[in-house]
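K.L.:
got a sequence here, can you model it:
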Amino acid sequence: MYTWDPFDYHANSPVQQKWAQEMIGKLHLSGNEKVLDLGCGDGRITSEIAVRVPEGRVTGVDNSREMIGFAREHFPLSLYSNLSFEICDVRRLPVLGEFDIAFSNAALHWVPEQVAVLEGVRHNLASGGRLLFQMGGRGNAARFLDEILPEVMRRPRWNTYFNGFVVPYHFFGDEEYTGFLTSAGLIPRRVQLIPKDMVYQDRDGLAGWIRTTWFPYTHAVPKELRDMVMREIVETYLEKYPPDADDTIRVPMVRLEIEAIKE
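P.N.:
Residues are numbered from 1 along each chain as shown. Sure thing, here's the model as predicted:
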């Protein structure tokens, strides 16, 4: 289990937040729904859902004590009376209530056991309840995962730190995920791979994203060397994929978006 820095993530996740806003719009909320947010992280998006369901309630779950602590402090019950946060492993999801919607954004690609997650979701959904998930999909961040990061890891300065390193991300395809839903007893409605670009205006934005998203790589090296390896990753990317004519830095991504229902 990795240790997250919620303050750094909160400050360096504008693109994830933008995509989450798009996802909230797709929920078509009426205002009285009960919503379960899986992998709620710092709680910012969970709190926005809570504002949109004043007559409902929202529960955010995450296995990071640091993230849940941050969420409880910054989005407290005194300000959000219909919002709560729980430390929870989504692979062993307890029954937290009977929810109308299960939601997740940019979180579940950390979890290999998707059927276990989906079975837990099914047990928490009311009859007719629905889920809307988005996570990294097959081909996501290929420039980083297939080119840049392996190249940096192989360099003599760094390769000894990556002996036995296991990539912690799991990017599934649409047909594969449709099978997961069926195995878990849920009815697929839409399972779609969507190309999107991460967009940054400067190298500091790119570095912040790498630091908060790909930290299993940077944390493989001693703490005093992390800034150095970070600079090397950023420089290697920009050498191979320089900014556009308007100085915009782009990183091609692939999102897997899922809609399903429980009978």
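K.L.:
any idea how many residues pack against residue 164?
P.N.:
Around residue 164 there are 5 other residues, counting by other C-beta atoms under 10 Å. (C-beta placed from N, C-alpha, C; glycine too.)
K.L.:
could you do residue 175 as well?
P.N.:
Residue 175, neighbours per other C-beta under 10 Å, totals 10.
K.L.:
how about the nearest residue to it, chain neighbours excluded?
P.N.:
residue 191 (7.9 Å; C-beta to C-beta, 6 or more residues apart in numbering).
K.L.:
again with residue 187
P.N.:
residue 261 is the one closest to residue 187 (C-beta to C-beta, 6+ apart), at 5.1 Å.
K.L.:
what separates the one you found from residue 186, distance-wise?
P.N.:
7 Å (C-beta to C-beta, to the nearest Å).
K.L.:
overlap of the contact sets of those two?
P.N.:
residue 131 (C-beta atoms under 8 Å, 6 or more residues apart in numbering).
K.L.:
looking at those two, which is more packed in?
P.N.:
Set residue 261 next to residue 186 and count neighbours by other C-beta under 10 Å: residue 186 wins out with 23 against 15.
K.L.:
chain neighbours aside, what residue packs nearest to that one?
P.N.:
Nearest to residue 186 is residue 260, by C-beta to C-beta, 6+ apart, at 4.4 Å.
K.L.:
and if you look at residue 258?
P.N.:
Per C-beta to C-beta, 6+ apart, closest to residue 258 is residue 133, 4.4 Å.
K.L.:
how about residue 41?
P.N.:
residue 67 (5.1 Å).
K.L.:
assign the one you found to helix, strand or coil.
P.N.:
helix (DSSP: H, G, I helix; E, B strand; the rest coil).
K.L.:
tell me how far the residue of the chain positioned farthest from its centre lies from residue 162.
P.N.:
In terms of distance from the mean C-alpha position of the chain, residue 156 ranks first, at 31.8 Å (C-alpha atoms, centre = their mean). Distance of residue 156 to residue 162, given as C-beta to C-beta: 12 Å.
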